[in-house]
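Asks: have a look; sequence and predicted model below, questions after that.
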Amino acid sequence: MADLKDRIEGLRKTFEAEAFKAGDAKSLEELRTTFLGRKKGHVTLLFEDLKAVPVEDKREAGRLVNAFKTFVQDGLAAVEGRVEETARVSDKATASRLDLTLPGRKIYVGAPHPLVLFQQEIENIFLGMGFAIEEGPEIETDYYNFEALNFPPHHPARDSWDTLYIKDDLLLRTHTSPVQIRVMEKKKPPIRIIIPGRVFRRETPDPTHLPMFMQIEGLVVDRGATFAHLKGTLEYFIRALFGEKIKVRFRPSFFPFTEPSAEVDIECIVCGGKDESCRVCGGTGWKEILGSGMVNPQVLKNVNIDPEEYSGWAFGLGIDRTAMFAYGITEMRHFYENDLRFLRQFGAK
Ligand SMILES: [Zn+2]
């Protein structure tokens, strides 16, 4: 019995020393085999030897061997827990290790909105031709938005410029044209300006209409300003924006504040006029992008500019709609939904 006790005590020390050293799954498995292996494991051999123990000592010897077996099993479980924890921590450490050779992660700091970029492109073309930029209020009086621009009350053209009213006499401007009146009231010709800004209409939203959109318009008032200047300037602008080879045509139209008036079409850059089912031009091969005309003499009289001495011309275009056409976008709402996947396609890096 003393022999057995000494043997178990020796094995206990060996196990403790080995268990202390075991640091990974492989050494754990070796330790398990050494002690619990089916053929030559120390514990297995102890059970074999129990057969030779005299009957009177069997009970006590069996208790000692079983206790040692439990001690080994508990010890192995503890080592296993420690090995797993070590592996988990080292995985984490590997994942978070800084690799200085990797390219840096870019921080997104934002960028101008695509409509702002497009507006700036238009502005730059006109600034290059000597135009100045003017701006005005988005809430206007009926006088500036309509009456001074030759839309008397009950004029039928007011129907297509219906808007939201703040009070009877205060409304959200339907176009940037009231700024023409505000500028002409203050400055004497020569006047050569462009007016960008937000405008409002009573519209049901659809792919090409929204109750709020962006416009830019231009005004020239000077002695001897003619339709030829208007035509030459707009043709230069359109070629600067869409390329030298773009085809342009002027088509008679009506606006209360210009006479004569013309709408300006450019050839459809989406289908080139070759697709009868083109959604952009409706198969006509032309896309209207501008309204224009000679300033109605009555409008000049309204701001005390003598139409006998001066003449003027004006034009206007929708920034959103022209940008849609230029970029091939079929939904105007994309501009206002703030979807970064959309916005990042335009200059935002
Ligand atoms: Zn087309």
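Replies: Happy to help now that I have it.

Asks: give me the below-cutoff pLDDT ranges for the stretch 201-349 of the chain.
Replies: Scanning the stretch 201-349 of the chain for pLDDT under 70 picks out 348-349.

Asks: so which residues on it come close to the ion?
Replies: Cys268, Val270, Cys271, Cys278, Val280, Cys281 (C-beta under 5 Å from the ion). (C-beta placed from N, C-alpha, C; glycine too.)

Asks: find the nearest non-adjacent residue to the third one, please.
Replies: Setting aside the residues directly before and after it, Cys271 is nearest to Cys278 in space (C-beta to C-beta, 6 or more residues apart in numbering), at 3.9 Å.

Asks: how close does the one you found sit to Phe335?
Replies: Using C-beta to C-beta, to the nearest Å, Cys278 is found at 22 Å from Phe335.

Asks: need the contact list for the closest residue to the ion within the stretch 1-150 of the chain.
Replies: Across the stretch 1-150 of the chain, the shortest distance to the ion (C-beta to the ion) belongs to Phe118, at 20.0 Å. Contact analysis of Phe118 by C-beta atoms under 8 Å, 6 or more residues apart in numbering lists Ile319, Thr322, Ala323, Ala326.

Asks: so which of the residues of the stretch 201-349 of the chain next to the ion belong to strands?
Replies: Judged by DSSP state E, these include no members of strands.

Asks: now which of those residues would you call buried?
Replies: For these, a neighbour count by 16 or more other C-beta atoms under 10 Å gives the buried set as Cys268, Val270, Cys271, Cys278, Val280, Cys281.

Asks: I figured the first one hits Lys287, correct?
Replies: Right, Cys268. Yes: Cys268 is within contact range of Lys287, at 5.2 Å (criterion: C-beta atoms under 8 Å).

Asks: quick check: neighbours shared by the two?
Replies: Residues touching both Cys268 and Lys287 (C-beta under 8 Å, 6+ apart) are Val280, Cys281.

Asks: and the longest helix along the chain, what other elements does it pack with?
Replies: In the chain, ranked by residue count with DSSP state H as the criterion, the top helix is helix 55-96. Judged by 3 or more C-beta pairs under 8 Å, 6 or more residues apart in numbering; DSSP states H and E, the packing partners of helix 55-96 are helix 2-21, helix 25-36, helix 42-50.

Asks: buried residues in the second one?
Replies: Residues Leu28, Leu31, Arg32, Thr34, Phe35 are the ones in helix 25-36 that count as buried (16+ other C-beta under 10 Å).

Asks: do the shortest one as well
Replies: The neighbour-count criterion (16+ other C-beta under 10 Å) identifies His42, Val43, Leu46, Leu50 as the buried residues of helix 42-50.

Asks: mind putting the helices and strands packed on helix 55-96 into CSV with distance to the ion and mean pLDDT?
Replies: Below are the helices and strands packed on helix 55-96 laid out as CSV (distance: least, C-beta to the ion, whole Å; pLDDT from 0 to 100):
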stretch, distance to the ion, mean pLDDT
helix 2-21, 79, 88
helix 25-36, 68, 90
helix 42-50, 87, 89
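
Asks: now render those as TSV, adding distance to Pro207.
Replies: Formatted as TSV, the helices and strands packed on helix 55-96 follow (distance: least, C-beta to C-beta, whole Å):
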stretch	distance to Pro207
helix 2-21	73
helix 25-36	62
helix 42-50	80
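
Asks: so which of those gets nearest Arg202?
Replies: Arg202 lies closest to helix 25-36 among those, at 73.8 Å (C-beta to C-beta).

Asks: neighbouring contacts of the closest one?
Replies: By C-beta under 8 Å, 6+ apart, helix 25-36 touches 11, 15, 18-19, 21-22, 41-44, 69, 72-73, 76, 79-80, 83, 87.

Asks: mind checking which of those residues are buried?
Replies: Neighbour-count burial (16+ other C-beta under 10 Å) applied to the contacts of helix 25-36 gives 11, 15, 18-19, 22, 41-43, 69, 72, 76, 79-80, 83.
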